[in-house]
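K.L.:
Predicted model follows, preceded by the sequence.
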Amino acid sequence: MAKVRTQYVCQNCGYNSPRYLGRCPNCGQWNTLVEEQVQSTSASSAKAKTTTLTGLVSKPQKISEIDSKQTPRVKTRLNELNRVLGGGIVPGSLILIGGDPGIGKSTLLLQVSGQLSDEHHRVLYVSGEESGTQIKMRAERLGVSGDDFYVYPETNMDSIRDTIRDLKPEYVVIDSVQTMQATDVSSAIGSVSQIREVTAQLMQIAKSNNITIFVVGHVTKGGALAGPKILEHMVDTVLYFEGDLHHTYRILRSVKNRFGSTNELGIFEMHTNGLTEVKNPSEIFLEERLRDATGSAVVVSLEGTRPILVEIQALVTPTVYGNAQRTATGLSRNRVSLIMAVLEKRANLMLQNQDAYLKAAGGVKLDEPAIDLAIAVSIASSYRDKGTRPSDAFVGEVGLTGEIRRVNRIEQRVAEAQKLGFERIFVPKNNLKGWKVPTGIQVIGVTTLKEALHLALA
């Protein structure tokens with residue numbers, strides 16, 4: 001007979017404690033430890049459960065006998081999704097999609113399910129939050145249908161596992177993992193133990209039967225995926241669906257991908273009939289830019305393998321309080337404070353009594369060293385009340401001594417700026433070696449921040 005013991009599990013990080021603690025010693029969050037009962041099963045029963053889950057047992061192979069051909073990918077009609085996934089869907093992978101409520105996770109997966117069904121792939125959509133009628137209403141609005149598209153409102157993992165065994169689908173959507181229940185775990189639905197066990201079963205189903213499984217995950221108030229951190233380690237791909245509910249644009253970002261590059265970016269636009277892909281996001285981010293505005297600079301940022309032009313805006317005004325304010329939207333506040341300190345020390349700008357408000361226009365989040373120069377130019381432009389040329393772009397990392405340091409993949413950045421009609425681009429001087437500058441754009445190499453400001457704001 002299985003023994004029952006009590007433990008306290010942190011609902012934020014999964015830390016286990018034999019007694020209650022007000023503050024989790026692992027993640028530092030308060031009042032997150034919840035009492036759960038754990039049944040310890042014998043090794044024989046655990047083995048029986050593992051082998052009977054799918055009826056398949058893998059065997060060791062010599063590495064020389066393993067087929068090393070590239071895994072064939074299945075492409076959807078959404079090229080932005082294919083880009084984020086690394087070229088398409090890899091059969092047998094477990095893909096986790098997280099995002100805020102109402103951002104469009106279910107809409108995206110419903111559209112993808114319909115497209116796969118149209119290509120004669122059998123799809124099973126398991127919903128733990130909506131009934132079949134509710135899913136049908138949304139599918140009619142999105143124009144989704146198909147004879148190979150099955151909807152199954154269920155939360156019990158035993159029933160879901162039996163249905164997958166009988167139906168033999170090629171693709172399964174779990175919406176969402178926090179609503180699924182493993183019957184052999186006594187804790188509440190949505191707890192750390194339940195999420196961990198459900199994800200382990202889904203992973204075994206995907207790998208043993210070569211079934212691609214999409215899993216929807218809720219996020220916490222801080223924007224991280226709810227549940228234990230091991231949830232992200234177990235899956236093959238982690239995608240974040242970002243965006244502002246007050247705007248129509250949505251950003252699908254890859255933060256983990258075993259079959260492609262990370263930090264890849266896909267841009268979508270939300271309409272009443274579903275999500276449509278944005279093929280040229282740089283034009284979207286720059287279409288409302290004012291030509292003679294001060295405090296504006298365009299940066300060529302690299303998101304994964306895609307260069308994107310984004311306008312960085314800065315507003316510098318005299319402070320009315322004792323301490324100057326530093327506010328940043330879409331940018332790191334610490335990075336902004338660091339660059340302002342370099343500007344004050346190396347470029348002789350008196351910024352300690354100035355409030356600074358910075359924003360990456362379009363709702364995109366930028367976090368790479370190559371945006372430093374554009375941030376510095378926008379701050380100096382607003383402080384001096386002198387605008388930059390509308391046809392200028394800026395790329396470069398700013399060091400603490402005021403030097404402009406080299407960045408990676410400068411050829412793609414310059415080519416993207418040239419394609420969108422920019423006439424000049426400021427880059428680190430050390431990046432000019434070893435490649436041919438394209439025609440139609442003037443590439444200006446700068447060594448120091450003071451030199452860049454002199455040429456850009458002359």
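P.N.:
Looks like it came in fine.
K.L.:
can you tell me which residues contact residue 449?
P.N.:
Residues in contact with residue 449 (C-beta atoms under 8 Å, 6 or more residues apart in numbering) are 342, 343, 346, 347, 373, 376, 398, 402, 403, 404. Every residue, glycine included, has its C-beta placed from N, CA and C.
K.L.:
mind checking which helix or strand the last one is in?
P.N.:
In this structure, residue 404 sits in strand 404-405 according to DSSP states H and E.
K.L.:
Only C-alpha atoms, please: export stretch 168-188 in PDB.
P.N.:
Once non-C-alpha atoms are left out, stretch 168-188 reads as follows in PDB (Å, rounded to 0.1, in the frame of the first residue of the first chain):
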ATOM      1  CA  LYS A 168      -3.800   8.200 -33.300                       C
ATOM      2  CA  PRO A 169      -3.600  11.900 -34.200                       C
ATOM      3  CA  GLU A 170      -0.400  13.500 -35.600                       C
ATOM      4  CA  TYR A 171      -0.900  16.800 -33.700                       C
ATOM      5  CA  VAL A 172      -2.400  17.400 -30.200                       C
ATOM      6  CA  VAL A 173      -3.200  20.800 -28.600                       C
ATOM      7  CA  ILE A 174      -3.500  20.900 -24.800                       C
ATOM      8  CA  ASP A 175      -5.300  24.100 -23.700                       C
ATOM      9  CA  SER A 176      -4.100  24.500 -21.100                       C
ATOM     10  CA  VAL A 177      -1.600  22.500 -19.000                       C
ATOM     11  CA  GLN A 178      -2.800  24.200 -15.800                       C
ATOM     12  CA  THR A 179      -6.300  22.600 -16.200                       C
ATOM     13  CA  MET A 180      -5.100  19.000 -16.800                       C
ATOM     14  CA  GLN A 181      -5.300  16.500 -13.900                       C
ATOM     15  CA  ALA A 182      -3.200  13.400 -13.400                       C
ATOM     16  CA  THR A 183      -5.300  11.000 -11.300                       C
ATOM     17  CA  ASP A 184      -2.300   9.500  -9.500                       C
ATOM     18  CA  VAL A 185      -1.300  12.800  -8.000                       C
ATOM     19  CA  SER A 186      -3.500  13.900  -5.100                       C
ATOM     20  CA  SER A 187      -2.700  17.600  -5.200                       C
ATOM     21  CA  ALA A 188      -5.000  20.200  -6.600                       C
END
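K.L.:
Check the gap between the residue nearest to residue 17 when sequence neighbours are not counted and residue 20 for me.
P.N.:
Nearest-residue entry for residue 17: residue 8, 4.7 Å, with adjacent residues in sequence omitted and distances by C-beta to C-beta, 6 or more residues apart in numbering. With distances taken as C-beta to C-beta, to the nearest Å, residue 8 is found 5 Å from residue 20.
K.L.:
Between the two, which has more neighbouring residues?
P.N.:
Under the neighbour definition other C-beta atoms under 10 Å, residue 8 and residue 20 were set side by side, and residue 8 has more, 17 against 9.
K.L.:
Kindly check the end-to-end length of stretch 357-370 for me.
P.N.:
One end of stretch 357-370 to the other measures 20 Å (C-alpha to C-alpha, to the nearest Å).
K.L.:
Show me the contact partners of that stretch.
P.N.:
242-244, 247, 249, 251, 284-285, 288-289, 299-302, 308, 310-316, 325, 327-332, 336, 375, 378-379, 395-397, 405, 407-408, 413.
K.L.:
can you give me the helices for this protein?
P.N.:
Along the chain, counting by DSSP state H, helices occupy 43-52, 79-84, 105-118, 132-142, 157-167, 192-209, 230-234, 281-286, 333-346, 372-384, 410-419, 449-456.
K.L.:
Comparing these, which yields the minimum mean pLDDT?
P.N.:
Sorting the helices of the chain by mean pLDDT places helix 43-52 lowest, at a mean of 42.
K.L.:
one step back: which members of the contacts of stretch 357-370 are classed as buried?
P.N.:
With burial judged by 16 or more other C-beta atoms under 10 Å, the buried subset of these is 242-243, 249, 251, 284-285, 299-302, 308, 310-316, 328, 330-331, 336, 375, 378-379, 395-397, 405, 407, 413.
K.L.:
In strands only, show me these.
P.N.:
242-243, 249, 251, 299-302, 308, 310-316, 328, 397, 405 (DSSP state E).
K.L.:
which helices and strands does the strand holding residue 404 pack with?
P.N.:
strand 397-398 (3 or more C-beta pairs under 8 Å, 6 or more residues apart in numbering; DSSP states H and E).
K.L.:
Run through who's touching the strand it packs on.
P.N.:
By C-beta under 8 Å, 6+ apart, strand 397-398 touches 339, 342, 369-370, 372-373, 376, 404-407, 428, 449.
K.L.:
Just put these in CSV and tack on distance to residue 135.
P.N.:
What follows is the contacts of strand 397-398, written out as CSV (distance: C-beta to C-beta, whole Å):
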residue, distance to residue 135
339, 48
342, 54
369, 44
370, 43
372, 47
373, 49
376, 50
404, 53
405, 52
406, 51
407, 46
428, 52
449, 55
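K.L.:
Pull out the buried residues from those residues.
P.N.:
For these, buried by 16+ other C-beta under 10 Å: 339, 342, 370, 372, 373, 376, 404, 405, 406, 407, 428, 449.
K.L.:
show me what contacts the second one?
P.N.:
Under the criterion of C-beta under 8 Å, 6+ apart, the contact list for residue 342 reads 376, 398, 399, 400, 402, 449.
K.L.:
Which of these sits closest to residue 29?
P.N.:
residue 400 (33.8 Å; C-beta to C-beta).
K.L.:
gap between the residue nearest to the closest one when sequence neighbours are not counted and residue 308?
P.N.:
Spatial nearest neighbour of residue 400, chain neighbours left out: residue 342 (6.2 Å); criterion: C-beta to C-beta, 6+ apart. Note on residue 342: its distance to residue 308, by C-beta to C-beta, is 25 Å.
K.L.:
same check, this time on residue 189
P.N.:
On the measure of C-beta to C-beta, residue 189 and residue 308 end up 40 Å apart.
K.L.:
just residue 275 next, same as before
P.N.:
Residue 275 is 19 Å from residue 308, by C-beta to C-beta.
K.L.:
quick one on the thing from earlier: most packed of the helices of the chain?
P.N.:
Ranked by mean neighbour count, these are led by helix 372-384 with a mean of 26 (mean count of other C-beta atoms under 10 Å).
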